[in-house]
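Chemist: with the input below, show me the fold.
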Amino acid sequence: MMIKKMITGMLTVAVLAMSSCSSGEKDPAAYNNSIITVINGSEKHITDMNAAMNGSDYAKAEQVRADWEKALNEDIKKVEDLGDFKGDATFQKAVLDGLNGYKKIVTEDYPKLIEIRKNKTPDAATESTLLDNINKAFESMSSGVNKASTEFETKYNK
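Modeler: A predicted model of the protein is given here:
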């Protein structure tokens, strides 16, 4: 079973051309771009994980998982440090929810999935549950961020 790559294409909605005259920190376009840049960092890890798992390279999958976990901790801190936008934390919260969802699958579900496949101990029910959790995290991130980004753009791009 392949793990869906839900992020690509779905986040293109989030990268909106928002015009602006100022370059201040609380400029909506700069804020949006800062957040999207952080999110896009996970795409490489998703691609690398899919390649490792599809190639049955479980040592590589574990390395990707460890690197991704480290990157997620840094990304969560970046988004927390970015703060809200003029008192509105909706967009920030949606991104943090998505990143924390990724962190949960990277620290809980992927290790179990890697172990099952590495040890060649077929457990279709557990594997199916793990894949469902992983796919739900991808879907939740993309839909939550797209919704929040669209609302942000509508509210602040005037």
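
Chemist: which strand or helix spans the nearest residue to Ala94 once chain neighbours are set aside?
Modeler: Distance criterion C-beta to C-beta, 6 or more residues apart in numbering; nearest residue to Ala94, sequence neighbours excluded, is Ala148 at 3.5 Å. Bear in mind the C-beta positions are built from the backbone N, C-alpha and C, glycine included. Element membership of Ala148, judged by DSSP states H and E, is helix 124-156.

Chemist: and that helix, average pLDDT?
Modeler: Here helix 124-156 scores 92 as its mean pLDDT.

Chemist: give the other helices and strands that that helix contacts.
Modeler: Packed against helix 124-156 by the contact rule (3 or more C-beta pairs under 8 Å, 6 or more residues apart in numbering; DSSP states H and E) you find helix 28-54, helix 90-104, helix 110-118.

Chemist: buried stuff in that helix?
Modeler: Neighbour-count burial for helix 124-156, with 16 or more other C-beta atoms under 10 Å as criterion, is recorded at 127, 130-131, 133-135, 137-138, 140-142, 144-146, 148-149, 152-153, 156.

Chemist: that older thread, any chance of the helices and strands packed on helix 124-156 in CSV, with distance to Leu82, mean pLDDT and mean neighbour count too?
Modeler: Formatted as CSV, the helices and strands packed on helix 124-156 follow (distance: least, C-beta to C-beta, whole Å; pLDDT from 0 to 100; neighbours: other C-beta atoms under 10 Å):
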stretch, distance to Leu82, mean pLDDT, mean neighbour count
helix 28-54, 6, 91, 18
helix 90-104, 7, 95, 20
helix 110-118, 27, 95, 18
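
Chemist: of all these, which one is nearest Asp67?
Modeler: Ranking the helices and strands packed on helix 124-156 by proximity to Asp67 (C-beta to C-beta) places helix 28-54 first, at 6.8 Å.

Chemist: got the angle for the next helix-or-strand element following that closest one vs helix 28-54?
Modeler: Downstream of helix 28-54, the first helix or strand assigned by DSSP H and E is helix 58-82. For helix 58-82 against helix 28-54, the angle by axes from the mean of the first three to the mean of the last three C-alpha atoms, to 10 degrees is 170 degrees.

Chemist: still on that earlier bit, the inter-axis angle of the helix holding Ala148 versus helix 90-104?
Modeler: Counting by the same axes, to 10 degrees, helix 124-156 lies at 160 degrees to helix 90-104.

Chemist: just the angle between helix 124-156 and helix 110-118, please?
Modeler: In terms of direction (the same axes, to 10 degrees), helix 124-156 departs from helix 110-118 by 140 degrees.
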